[in-house]
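Undergrad: model this:
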Amino acid sequence: MTEETLEKIRKLRLLGMARAYKTSLENDRTLQLSADELINMLVEAEWDDRANRNIQRRLRNARFRYTSSIENIDFEVDRNLDKNQMMRLAEGTFIKKQENILITGSTGLGKSHLATALGNQACVLGYKVYYANVSKLFSKLKMGKADGSYIRELAKIDRQDLLILDDFGLLPLDNQNRSALMEIMEDRHKKGSMIITSQLPVNLWHDVIGEKTIADAIMDRIVHDAHRVELRGESLRKTRNITK
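TA: This next block holds a predicted model:
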């Protein structure tokens with residue numbers, strides 16, 4: 001009877017419940033529980049299992065290049081990083097309000113590390129996240145123009161609650177990249193949030209975008225209601241293995 005019940009639970013894909021029931025049988029815990037307590041234990045196990053699987057799925061879909069979390073951010077190093085600000089951002093309210101975060105600073109200060117940590121936390125909170133290196137994203141979109149996948153890629157980006165654009169501004173934008181960026185900004189304005197990292201201060205982004213009218217429109221959508229994290233100091237790569 002027990003094995004048959006376990007097999008039926010597995011076939012119903014109640015995997016968390018099956019594991020909890022099997023474990024309780026092995027240590028005779030079921031004998032100590034009332035019917036209500038047993039049902040509650042099994043339901044809680046299934047709930048937690050599905051929640052964890054959903055988080056793992058969102059993390060896979062985000063395609064983070066780096067591994068990072070809020071818990072392993074180093075606030076002891078002097079790089080102008082406000083712990084209170086980061087803890088507030090980690091609550092995810094900025095996503096609910098469709099606000100952006102701009103993280104700037106010279107190479108080696110942990111910009112990508114911070115962006116990924118916030119993105120990881122957003123996945124835990126139940127938001128859909130997409131990470132992209134800006135240069136690679138623009139190359140992918142250019143290829144999409146050629147093979148017909150451009151609209152599909154933009155639609156995928158548009159569906160995300162949080163878009164992370166890493167390493168913005170390494171090279172000036174050409175007409176095609178500028179047009180793609182404008183489409184992304186237009187689609188996300190007041191509908192989704194972004195985290196943008198850059199080695200350049202925000203006041204130089206206008207020149208990187210080029211074409212004054214388009215640059216004005218893009219910057220207005222990026223900077224409006226944005227939270228600023230301006231890192232300073234010496235590169236962390238000199239003493240530890242932290243990326244950007």
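Undergrad: Show the model's pLDDT score for residue 143.
TA: The per-residue pLDDT reported for residue 143 equals 93.
Undergrad: How about residue 41?
TA: Model confidence at residue 41, expressed as pLDDT, equals 85.
Undergrad: and it, what element?
TA: helix 35-62 (DSSP states H and E).
Undergrad: Can I get the very next helix or strand once past that helix in PDB? Just the C-alpha atoms.
TA: Using DSSP H and E, the next helix or strand after helix 35-62 towards the C-terminus is helix 83-90. Extracted as PDB, the C-alpha positions of helix 83-90 are listed here (Å, rounded to 0.1, in the frame of the first residue of the first chain):
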ATOM      1  CA  LYS A  83      24.900  49.000   2.600                       C
ATOM      2  CA  ASN A  84      21.500  50.600   3.500                       C
ATOM      3  CA  GLN A  85      20.800  51.500  -0.100                       C
ATOM      4  CA  MET A  86      21.700  48.000  -1.300                       C
ATOM      5  CA  MET A  87      19.500  46.400   1.300                       C
ATOM      6  CA  ARG A  88      16.600  48.600   0.300                       C
ATOM      7  CA  LEU A  89      17.200  47.700  -3.400                       C
ATOM      8  CA  ALA A  90      17.300  44.000  -2.500                       C
END
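Undergrad: contacting residues around helix 83-90?
TA: Around helix 83-90, the neighbours that count as contacts under CB atoms under 8 Å, 6 or more residues apart in numbering are 70, 73, 75, 101, 114, 117, 118, 121, 227, 229. Heads up, the C-betas are built off the backbone N, CA and C, glycines and all.
Undergrad: how does it look with 10 Å?
TA: 69-71, 73, 75-76, 82, 94-95, 99, 101, 114, 117-118, 120-122, 124-125, 195, 227-229 (CB atoms under 10 Å, 6 or more residues apart in numbering).
Undergrad: What residues of it count as buried?
TA: Counting neighbours by 16 or more other CB atoms under 10 Å, one finds that the buried residues in helix 83-90 are 86, 89, 90.
Undergrad: give me every residue that touches residue 122.
TA: Under the criterion of CB under 10 Å, 6+ apart, the contact partners of residue 122 comprise 58, 62, 89-90, 92, 94-95, 128-129, 160-162, 164, 193, 195.
Undergrad: Alright, calling it a day.
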